[in-house]
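Peer 1: I would like the atomic coordinates for the input below:
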Amino acid sequence: MMKTVLMVSLASPLIYGVGSFLTRSKSVASSIWFDYFKPPLNPVSCSTDGHEFIVLETRDAPPAHFLTKIESFSLLSEYRISKYESKVFEVDGYEWRLVIYPNGDEGQIKGNNVSVYLAMADTSSSPVDWEIYADFTIFLYDQFSDNYLCFRGNVRRFHATKSRWGFPKFMSKKSLRDQSSGYLVKDNLVLGAEVFVMKKQRIVESVTVLKPMYTRLRDWKIVEFSKLEDVWVSEEFDMRDVEWKLKLYPNGDFNSNGDLSSKGNAVSMSLVCVSAEKFTVHQKVKAEFHMRLKGRSDHDSGKISHWFTSSSTCCGQSAFISLAKLRDPENGFLVDDCCNVQVEIFVQLVA
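Peer 2: Below is the predicted model of the structure:
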């Protein structure tokens, strides 16, 4: 059974009704209270266009429609991932997702709060004048008490110019990290959502933000380079339970714009996420990587960052190194018609 613990108007400093507020932990309750009502500042509203109520509730039952677990949540900030968009879930024929800002949304005082929104996932096929009214709740799982803190506002109108609603100051990072609370345990955060009152089976997503590891280099020796034809492909290899391979085009390849300027003038190189070729439309991997050609002084691609998905399985450089530089004996890249290539991968997030 859901228990209402606080209902207030954020358009006025007056409190309209107060119940027992997070009776499990008075210190956490006090902290969250002052997140929203810190005099003499104006109360924070979840919208900018009218009278807004926030209902904070606790309940035992999990959200009916969507649940996401983010492992190593603090690494999102460390990696400067300012926004994470969850897997899409369907309710009543419409597609939705949660949008999470680990350091607060743009336009808000960033760095002190976590922002969470419910957003329409795809409206491209909707008519020009489409609109949807939704009553939604965003859930925060208390891993100590095994229940959920629920954030619910007014019924909201989603339309072409306003396709997301939510809570720019969902919770302060100080409250989230309070050791007496159970919201961030072993750096794991669990959020959920319900839209309308549908009783459909929720979609569960597991997001793993990976900690750095030391062994992440792979090397290959390419022999008889001059005899290579269109492409050289490495064997597949595993890195953080994701399969990869490296591709090298000895005479260049098309770049992302179909430009042929590097064809015949440069070597192209790209990293392929083999696992992504079998991903569902919602699965993704975030990785940073370097590609190198070994020599007297290594030639490095520089850091490349990419979200690998089923529609974007590879990333690289169409003009990785010019053929003239490669063949210059002073550089030591091509010795006895052999060269050595290396890739360094840092897998940051798997969802």
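
Peer 1: could you check how far Lys294 is from Ser172?
Peer 2: 49 Å (Cβ to Cβ, to the nearest Å). For the C-beta atoms, the positions are set from N, CA and C on the backbone; glycine is no exception.

Peer 1: which of those two has more neighbours?
Peer 2: Between Lys294 and Ser172, counted using other Cβ atoms under 10 Å, the more crowded position is Ser172 (19 against 15).

Peer 1: now do the more buried one against Asn112, distance only.
Peer 2: Distance from Ser172 to Asn112, by Cβ to Cβ: 6 Å.

Peer 1: cool, His282 as well?
Peer 2: According to Cβ to Cβ, His282 and Asn112 sit 31 Å apart.

Peer 1: the more surrounded of the two?
Peer 2: Between His282 and Asn112, His282 has the larger neighbour count (other Cβ under 10 Å), namely 16 against 13.

Peer 1: surely the more buried one meets Glu85?
Peer 2: No. His282 is beyond contact range of Glu85, at 10.0 Å (criterion: Cβ atoms under 8 Å).

Peer 1: now the helices for this protein?
Peer 2: Assigned by DSSP state H, the chain shows helices spanning 26-36, 74-78, 173-176, 323-327.

Peer 1: and these, which one averages the lowest pLDDT?
Peer 2: Across the helices of the chain, helix 26-36 has the smallest mean pLDDT, namely a mean of 40.

Peer 1: so what's Arg216 up against?
Peer 2: The contact partners of Arg216, taken as Cβ atoms under 8 Å, 6 or more residues apart in numbering, are Met239, Glu344, Ile345, Phe346.

Peer 1: and stretch 135-146, how far from the chain's centre?
Peer 2: The chain centre lies 20 Å from the centre of stretch 135-146; the measure is Cα atoms, centre = their mean, to the nearest Å.

Peer 1: list the buried ones in it?
Peer 2: Neighbour counts over stretch 135-146 (16 or more other Cβ atoms under 10 Å) mark Phe136, Thr137, Ile138, Phe139, Leu140, Tyr141, Asp142 as buried.

Peer 1: kindly report the same for stretch 149-156.
Peer 2: Leu149, Cys150, Phe151, Arg152, Gly153, Arg156.
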